[in-house]
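K.L.:
A predicted structure for the sequence below; I have some questions about it.
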Amino acid sequence: MSDQVRRTVVVTGGSRGIGRAICLSFADPDTKVFFNYSSTEAEETEKLVAEAGGSATGLRVDITSEGEVKGFFETILGETGQVDVLVNNAGIARDGLLVRMKEKDWDDVMDVNLKGVFHCTKTAAKAMLKKRYGRIINVSSVVGATGNPGQANYVASKAGIIGFTKAVARELASRNITANAVAPGFIETDMTAFLPENAKKVMITNIPLRRAGTPEDVGAVVVFLASESAAYITGQVIHVNGGMYM
Ligand code: NAP
């Protein structure tokens, strides 16, 4: 393990959007960030983190594949010998009304949003248990708490993440490993880019802070939950939504 690296942070889905902002929020000389992605390129995140004074390596890993996830963590452990922080951020949406929802749209969302979190958390937890230290942060969504029409699959997965987080928090607490969820509201990324401008305006009028959230708003809370200042917080859901759900 490199002497300079004090902390190894793993972020799923770091190539774009909230995941990229999370990687950037961890940019500091003592931290080595590893992130994964499924299809697009990793260079931009790597470059931005390096420019901000940190170090990040992106690897193409499909988190729905147990084998690929194992290989990903073997690479990380081979390089740094530790996994201090895991941020389960990668997620997809396949929206549609329930009566028209295809089984594949249900399965794809569950595979990435829930099974992917299971694979990554299980694998990272083994390394954390050995070290008797770890911070697990799972990205849920405000709709996991409120529900949303047209998103039965996505909402079920995001509510599932909250239950999963609480179970894991209870299971790992005695080994000094915390697990928390962050539930973003409406954040401007590729995931929400398809929304018509009118729909975005209506959403913003329903947000008490009167603006969409930024990926950086979420990154800041993730960094806090990974820090020593959050050592006594576990099993919680932190909402980052401008007040749209209280
Ligand atoms: P995004 O811009 O669509 O980015 C999704 C990321 O997940 C990308 O890096 C993508 O990789 C990666 N990914 C997707 N499937 C994957 C797989 N099978 N294996 C590995 N990586 C995979 O989404 P975002 O808006 O930043 O959302 C990030 C998280 O926040 C998600 O969990 C989302 O549900 C949650 N969230 C978002 C909002 C919002 O308003 N945007 C609100 C609440 C919660 P590629 O680049 O290779 O496709």
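P.N.:
Looks like it came in fine.
K.L.:
tell me how many other residues surround Ser174.
P.N.:
Neighbour count for Ser174, taken as other Cβ atoms under 10 Å: 8. (Each C-beta comes from the backbone N, C-alpha and C, glycine too.)
K.L.:
helices of the protein, residue ranges please.
P.N.:
17-25, 43-51, 66-80, 103-110, 116-131, 143-146, 152-172, 190-193, 197-205, 215-226 (DSSP state H).
K.L.:
can you lay out those helices as JSON lines showing mean pLDDT?
P.N.:
Formatted as JSON lines, these follow (pLDDT from 0 to 100):
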{"stretch": "helix 17-25", "mean pLDDT": "98"}
{"stretch": "helix 43-51", "mean pLDDT": "98"}
{"stretch": "helix 66-80", "mean pLDDT": "98"}
{"stretch": "helix 103-110", "mean pLDDT": "98"}
{"stretch": "helix 116-131", "mean pLDDT": "98"}
{"stretch": "helix 143-146", "mean pLDDT": "98"}
{"stretch": "helix 152-172", "mean pLDDT": "98"}
{"stretch": "helix 190-193", "mean pLDDT": "93"}
{"stretch": "helix 197-205", "mean pLDDT": "94"}
{"stretch": "helix 215-226", "mean pLDDT": "98"}
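K.L.:
of these, which is nearest the ligand?
P.N.:
Nearest of the helices of the chain to the ligand, taken as Cβ to the nearest ligand atom: helix 17-25 at 2.3 Å.
K.L.:
could I have the CA atoms of that closest one written out in PDB?
P.N.:
These are the backbone C-alpha positions of helix 17-25, laid out as PDB (Å, rounded to 0.1, in the frame of the first residue of the first chain):
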ATOM      1  CA  GLY A  17     -23.800  13.400 -12.400                       C
ATOM      2  CA  ILE A  18     -23.900  13.000  -8.700                       C
ATOM      3  CA  GLY A  19     -21.300  10.200  -8.600                       C
ATOM      4  CA  ARG A  20     -18.800  12.500 -10.400                       C
ATOM      5  CA  ALA A  21     -19.500  15.300  -7.800                       C
ATOM      6  CA  ILE A  22     -19.000  12.800  -5.000                       C
ATOM      7  CA  CYS A  23     -15.600  11.700  -6.400                       C
ATOM      8  CA  LEU A  24     -14.700  15.400  -6.600                       C
ATOM      9  CA  SER A  25     -15.800  16.100  -3.100                       C
END
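K.L.:
tell me what it is packed against?
P.N.:
Counting contacts by 3 or more Cβ pairs under 8 Å, 6 or more residues apart in numbering; DSSP states H and E, helix 17-25 is packed against strand 7-11, strand 31-37, helix 43-51, helix 215-226.
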